[in-house]
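Participant: pasted the sequence and its predicted model underneath.
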Amino acid sequence: MLADPKAKEAVADFFDQWLGLSVLGAAVKDPAFHPGFDDELRNSMIEERRRFISYVLWEGDAKLETLLTASYSFVNAPLAKLYGASGGPADSATFQKVALDPKQRAGVMTQAAMLAAFAGPEESSPVKRGKWVRERMLCTDLPAPPAVVPQLPALKEGISNRERFAMHTNNPACSGCHQLVDGLGFGLENYDSVGAWRTMDQGVPVDARGNVTSTVDIDGPFTGGAELANTLAMSAQVRDCAPTQALRFAWGRRETPEDACSVAAVQKAFADSDGNLKELMVKLTLTDSFTNYRQAD
């Protein structure tokens, strides 16, 4: 079944939706801050993400852990320049598998497609990136934002982006939600608004210390995107979230209490397969909720 090209297209659509690739298509970058960001680079990021996932699923070990932690990717010349990767192609049309610095890059979360999509026009966004991790990797529903969201201070030399966003965490009206997301997003501050690696921000050293909170099994401090990715890969909560996201895609809706047995069965099967994503696609089609139509009330 999975060998059918149509099945592979459907699987690719799931990963596009789960990881938020469509958001990149609408991402806007200020040319004064990122003059190299254009449609060619945007399309390169999209192609990289799809080639990487396809390789992991159909040529690699198909493991969730690999999706989250692999220190290689598929780049063309613009992406090789963005990543500072050596040995990459010399043109835009050719994509090649290259090794990336494992201290800087680990899987889908540290690829430019996510980092550029979930960022602002000028600067990174710890809030958007932390929300991506919280909702898409941990399956945590966040509370609605307040009716009035305080404006961030303007960019200023000597004040890091992290310091600008800290006002949300410290504001009582915002802290409930931001305590869940900012600690995750702050750990991704080594990546600018288009996903390039940086060690300085507004003239001060980047502080990429983060903190995971309110999870089942991985609460604690971390530093940097690669460490966060490896932490997520060890989490049972993340391992259970992936099947939940796949079921939501297959059903075209959120799960209900009546789906609890189907969700639990697929989560168990996924865990028993050591997080094999191909096996996950098969198992979800065998659930009662997938094979039996339930008439709407």
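Facilitator: Perfect, I can see it now.
Participant: from here on, just use CA atoms for contacts and neighbour counts.
Facilitator: OK.
Participant: phi first, then psi, for the nearest residue in space to Val212 that is not next to it in sequence.
Facilitator: Excluding the flanking residues, the one nearest Val212 by C-alpha to C-alpha, 6 or more residues apart in numbering is Asp219, at 4.7 Å. Dihedral pair for Asp219: phi -60, psi 140, per degrees, to the nearest 10.
Participant: could you report the neighbour count for Asp219?
Facilitator: Neighbourhood size, Asp219 [other C-alpha atoms under 10 Å]: 13.
Participant: which SS class is Gly210?
Facilitator: What DSSP: H, G, I helix; E, B strand; the rest coil gives for Gly210 is strand.
Participant: ok, the closest residue to it other than its chain neighbours to Thr199 distance?
Facilitator: Distances taken as C-alpha to C-alpha, 6+ apart put Gly187 closest to Gly210, at 4.3 Å, once the chain neighbours are dropped. Distance from Gly187 to Thr199, counting by C-alpha to C-alpha, to the nearest Å: 13 Å.
Participant: more neighbours: which of those two?
Facilitator: Neighbour count, other C-alpha under 10 Å: between Gly187 and Thr199, Gly187 has more, with 28 against 14.
Participant: three-state assignment of that one?
Facilitator: helix.
Participant: against Gly225, how distant is the residue nearest to Gly210?
Facilitator: 6 Å.
Participant: again with Glu163
Facilitator: The spacing between Glu163 and Gly225, counted by C-alpha to C-alpha, is 18 Å.
Participant: which one of the two is surrounded by more residues?
Facilitator: Just comparing Glu163 and Gly225: by other C-alpha under 10 Å the higher neighbour count belongs to Gly225, 27 against 13.
Participant: count the residues that sit near the nearest residue to the more buried one once chain neighbours are set aside.
Facilitator: Spatial nearest neighbour of Gly225, excluding adjacent residues (C-alpha to C-alpha, 6+ apart): Leu188 at 5.2 Å. Neighbours of Leu188 under the rule other C-alpha under 10 Å: 30.
Participant: just the terminal-to-terminal distance for stretch 28-37.
Facilitator: End-to-end for stretch 28-37, by C-alpha to C-alpha: 9 Å.
Participant: which secondary element of this structure has the worst mean pLDDT?
Facilitator: helix 288-291 (a mean of 60; mean pLDDT, DSSP states H and E).
Participant: which residues in the stretch 101-250 of the chain form helices?
Facilitator: Taking DSSP state H, counting those that start in this stretch, the helices of the stretch 101-250 of the chain run over residues 112-117, 126-132, 161-170, 175-185, 225-233, 236-251.
Participant: thank you kindly, that will do.
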